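Asker: Quick check, what structure comes out for this input:
(4 chains)
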There are 2 protein chains.
Amino acid sequence: MSLVLNGHGDGNIAAEKQVAILEAARQLQYRPNVLALSLRSQRTRTIGVLTWSGSSGFSQDLLHAAGQIAASSGFLCILADSGEDLQHEERAATTLLDRQVDGFLVVAPELIEYRAAEAMIGTPVVLLNCVEPNARLTSVVPDERGAAVTATRLLLEQGHTRVAIVSGNLRTEQCRQRVEGVQVALRAAGLPAAGVFSTERNVDAGHEVVREALLSAERPTGLVCTHERLALGALLAAAELGLSVPSDLSLVSLEDGERLASRLTPSLATVQRPDRAMAEEAVALLVQQLTAEGEHDVRQLSFTCPASVGASVAPAPWPVKAPLGMP
Amino acid sequence: MSLVLNGHGDGNIAAEKQVAILEAARQLQYRPNVLALSLRSQRTRTIGVLTWSGSSGFSQDLLHAAGQIAASSGFLCILADSGEDLQHEERAATTLLDRQVDGFLVVAPELIEYRAAEAMIGTPVVLLNCVEPNARLTSVVPDERGAAVTATRLLLEQGHTRVAIVSGNLRTEQCRQRVEGVQVALRAAGLPAAGVFSTERNVDAGHEVVREALLSAERPTGLVCTHERLALGALLAAAELGLSVPSDLSLVSLEDGERLASRLTPSLATVQRPDRAMAEEAVALLVQQLTAEGEHDVRQLSFTCPASVGASVAPAPWPVKAPLGMP
DNA sequence: CTGAAAGCGCTTACAG
DNA sequence: CTGAAAGCGCTTACAG
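Answerer: The predicted structure is shown next:
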């Protein structure tokens, strides 16, 4: 009977008998017992998703997208959230393994280096938005450095030469790469390195630090913010000091999934993380490993981040106004 | 053997034999096969979580919290995301049912009325942040109306008498209840109903509509916003018109999970949705239904929303300044 | 007190 | 071409 239902009937079962079986199955609304099937085949068509909310986590889109795409390949995602950070990672992995997940998808809220829990070795793993330090696991990440280069070019194209960086904590891999990208772009344009204003990743802190930057003697005409909240802080600081964005100050931000940029006034020019495409690719790679036979190459995929137009960038003012501090 | 491992050994198995078994199990790192166990017991210790991202969905916290709490009771959550709205709900429910989930948790990104898919009847269901129109399913929701009353009182206590409402789309249950709450509070204080400025739920739209409100002849001294993005828009509009928050304009917002309020300058006074407590309760109710025997009462739980202090409220200015429009 | 058997619902060889 | 049996890994009665 299962032969028929699974399409292996031809050549084995008489045609009319097949029809009868199919009809009966329909009438009884027969649905196979997935548990029994899994027990037999030792495969559950299930992906264990390891995630954690992080300090400012916005993996929400990545998670939603991954779940939908997995579902379209007949895989279901079991979520194991290890809380604020990854300390319960090992236990979460074990729990998922007990449930016989076919593979793991590790979804990080922001780009980090990730060391897989010991329990996971031997099971297919794909990393989303994180990398294994020794590149021994397949990973799908945004090209953060390239994104920062792209962002900076938006300012350079408009003739800005006095650019500053507003960044989150430089101890995070993400911020380091983003800041580096800006400096690379400036160097390539023959400009000196930008001043880096590093602070907590929230609107208040951004406000404060940008205020400071705008009051400095060498007031920048263009700002690259590593995170949307910082850009919002910058907007508030500029308003407070009577500077108009973009005519007095141009603003570019890298996206971090908050979806704030397009909703501000003026709308922010940003460089976006292609969450959906990345999730799609990561799940596809994992599903491929799970369904195809044999060994698979470890791959490191880096996604280009596209620029998104906004009203926060204008040509550099010329001549540059005197610093606000000295009238 | 399983008797020992499951703690039913005493009285059945010789003590020293039990020790031997336990020791062997440890050495072999024995972990029971959950699949086989489920097939036998017809229970999977699995909760199917039905969710969708909605137009502006911020169920992220609810989801994370639910997953963690379920895990602490030995239940795992399988996520089924039905995309933008609930049109694929039925299919998602069926998929989860095929996986033999023990029960359903429906997590709505914002308060709505929810009609359970037909496939789900017969399986325990708890609704989180939504209600069944005929109150036939257990649900856990925030007291949106009460939250709006609380918010409004923050203004009334400071002597505000000219209050306006900035609201999202009034066709949504959530906004309706929030607006209603404000009016109830005003009526109770013997004040006339507030003007309602309803618009899209984003910063831009909030900005625009608040600008209009502030330029009207009867300029309000206090604003209740139904969503944080609208409050942010209000902040920008006030800054643009040279009004200071809170000395010229007091601002209170209801929270919607964006976590923006505390990060703005000035920090927003808000009334918060107790996401974690709600998720905890919802999961607890479901787990209880799944583990205890017999029938269970259908319950409708409403959670009080606590006010959160912020710097955006001050006593009403007196006398009220002339409207900005006529100097 | 202990060991062998039945059965959860499936699929895959294997006789007939 | 078809039907009965074995087995995935567990637990729960049921003989011994």
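
Asker: Enumerate every residue touching residue A:200.
Answerer: Neighbour list for residue A:200: A:168-169 [criterion: C-beta atoms under 8 Å, 6 or more residues apart in numbering or on different chains]. Heads up, the C-betas are built off the backbone N, CA and C, glycines and all.

Asker: looking at chain A, which helix or strand does the model trust least?
Answerer: helix A:2-5 (a mean of 70; mean pLDDT, DSSP states H and E).

Asker: what's the spacing between the top strand by length along chain A and its chain's center?
Answerer: The strand that spans the most residues within chain A, counting by DSSP state E, is strand A:103-113. Its chain's C-alpha centre and that of strand A:103-113 lie 9 Å apart, by C-alpha atoms, centre = their mean, to the nearest Å.

Asker: Paired strands for the helix or strand following that strand, with orientation please.
Answerer: As assigned by DSSP states H and E, the chain's next helix or strand after strand A:103-113 is strand A:125-131. Applying DSSP bridges to the sheet, strand A:125-131 is found paired with strand A:103-113 (parallel), strand A:138-142 (parallel).

Asker: re earlier: for the least confident helix or strand of chain A, which outside residues touch it?
Answerer: By C-beta under 8 Å, 6+ apart, helix A:2-5 touches A:9, A:12-13, A:17-18, A:21-22, A:25, A:30, A:32.

Asker: at 7 Å instead, please
Answerer: For helix A:2-5, the surrounding residues in contact (C-beta atoms under 7 Å, 6 or more residues apart in numbering or on different chains) are A:9, A:12-13, A:18, A:21-22, A:25.

Asker: now swap in stretch A:140-148 and tell me
Answerer: So stretch A:140-148 is contacted by A:111, A:126, A:128-131, A:174, A:177-178, A:180-182, A:224, A:254, A:271, A:273-274, A:278, A:281-282, A:301-305 (C-beta under 7 Å, 6+ apart).

Asker: Among the contacts of helix A:2-5, which ones are in helices?
Answerer: Residues of these located in helices (DSSP state H): A:18, A:21-22, A:25.

Asker: Those into a markdown table, with extra columns for pLDDT, neighbour count and distance to residue A:39?
Answerer: Below are these laid out as a markdown table (pLDDT from 0 to 100; neighbours: other C-beta atoms under 10 Å in any protein chain shown; distance: C-beta to C-beta, whole Å):
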| residue | pLDDT | neighbour count | distance to residue A:39 |
| --- | --- | --- | --- |
| A:18 | 78 | 17 | 26 |
| A:21 | 80 | 18 | 23 |
| A:22 | 83 | 14 | 25 |
| A:25 | 83 | 15 | 21 |
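
Asker: From these, list the ones also adjacent to DNA strand C.
Answerer: When C-beta under 7 Å from any atom of the strand is applied, no member of the ones in helices among the contacts of helix A:2-5 is adjacent to DNA strand C.

Asker: Can you lay out the residues you listed as a markdown table showing distance to DNA strand D?
Answerer: Below are the ones in helices among the contacts of helix A:2-5 laid out as a markdown table (distance: C-beta to the nearest atom of the strand, whole Å):
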| residue | distance to DNA strand D |
| --- | --- |
| A:18 | 8 |
| A:21 | 10 |
| A:22 | 14 |
| A:25 | 15 |
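
Asker: Please identify the residues of chain A in proximity to DNA strand C?
Answerer: Residues of chain A lying near DNA strand C (C-beta under 7 Å from any atom of the strand): A:1-3, A:5-6, A:8, A:31-33, A:35-37, A:39-41.

Asker: Quick check: beta-bridge partners of the residue nearest to residue A:133 when sequence neighbours are not counted?
Answerer: Using C-beta to C-beta, 6 or more residues apart in numbering or on different chains and skipping the chain neighbours, the partner closest in space to residue A:133 is residue A:113 (5.0 Å). On the basis of DSSP bridges, residue A:113 is bridged to residue A:131.

Asker: Contacts only, for residue A:113.
Answerer: Neighbour list for residue A:113: A:130-131, A:133, A:173 [criterion: C-beta under 7 Å, 6+ apart].

Asker: What subset of those is buried?
Answerer: A:130-131, A:173 (16 or more other C-beta atoms under 10 Å in any protein chain shown).

Asker: Format those as CSV; extra columns: pLDDT.
Answerer: Below are the buried ones among the contacts of residue A:113 laid out as CSV (pLDDT from 0 to 100):
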residue, pLDDT
A:130, 93
A:131, 94
A:173, 91
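
Asker: any chance of those residues in TSV, plus distance to residue A:99?
Answerer: Below are those laid out as TSV (distance: C-beta to C-beta, whole Å):
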residue	distance to residue A:99
A:130	23
A:131	26
A:173	31
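
Asker: From those, pick the one nearest chain B.
Answerer: residue A:130 (18.1 Å; C-beta to the nearest C-beta).

Asker: Wait, the closest one touches residue A:109, no?
Answerer: No: the pair residue A:130 / residue A:109 is not scored as a contact, 9.4 Å apart, by C-beta atoms under 7 Å.

Asker: right, and the pair among the ones in helices among the contacts of helix A:2-5 with maximum separation?
Answerer: A:18 and A:25 (10.6 Å; C-beta to C-beta).

Asker: returning to what we had before: between the ones in helices among the contacts of helix A:2-5, which is closest to residue A:93?
Answerer: Closest to residue A:93, out of all of the ones in helices among the contacts of helix A:2-5 and judged by C-beta to C-beta, is residue A:25, at 38.1 Å.

Asker: wait, what's in contact with the closest one?
Answerer: With C-beta under 7 Å, 6+ apart, residue A:25 has these contacts: residue A:5.

Asker: How about the residues of the stretch 201-327 of chain A by chain B?
Answerer: Proximity of the stretch 201-327 of chain A to chain B, by C-beta under 7 Å from any C-beta of the partner chain, involves residues A:202-204, A:207, A:229, A:236, A:239, A:263-265.

Asker: of all of the stretch 201-327 of chain A, which residue lies closest to DNA strand D?
Answerer: residue A:290 (18.5 Å; C-beta to the nearest atom of the strand).

Asker: Next, count neighbours for that residue.
Answerer: By other C-beta atoms under 10 Å in any protein chain shown, 20 other residues sit near residue A:290.

Asker: for it, helix, strand, or coil?
Answerer: helix (DSSP: H, G, I helix; E, B strand; the rest coil).

Asker: Could you check the pLDDT of it?
Answerer: As predicted, residue A:290 sits at a pLDDT of 92.

Asker: hey, where'd the helices end up in the stretch 51-200 of chain A?
Answerer: A:60-72, A:89-98, A:144-156, A:173-188 (DSSP state H, counting those that start in this stretch).

Asker: the inter-axis angle of the longest one versus strand A:103-113?
Answerer: Helix A:173-188 and strand A:103-113 meet at an angle of 50 degrees, taking axes from the mean of the first three to the mean of the last three C-alpha atoms, to 10 degrees as the criterion.

Asker: Only C-alpha atoms, please: export helix A:173-188 in CSV.
Answerer: Provided in CSV are the C-alpha atoms of helix A:173-188 (Å, rounded to 0.1, in the frame of the first residue of the first chain):
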residue,chain,number,x,y,z
GLU,A,173,33.1,41.7,15.2
GLN,A,174,30.3,43.4,13.4
CYS,A,175,31.3,47.0,14.4
ARG,A,176,34.9,46.3,13.7
GLN,A,177,34.2,45.2,10.2
ARG,A,178,31.9,48.1,9.6
VAL,A,179,34.4,50.7,10.8
GLU,A,180,37.1,49.0,8.8
GLY,A,181,35.1,49.2,5.7
VAL,A,182,34.6,53.0,6.1
GLN,A,183,38.3,53.5,6.5
VAL,A,184,39.1,51.4,3.5
ALA,A,185,36.8,53.4,1.3
LEU,A,186,38.3,56.7,2.6
ARG,A,187,41.8,55.5,2.0
ALA,A,188,40.9,54.4,-1.5
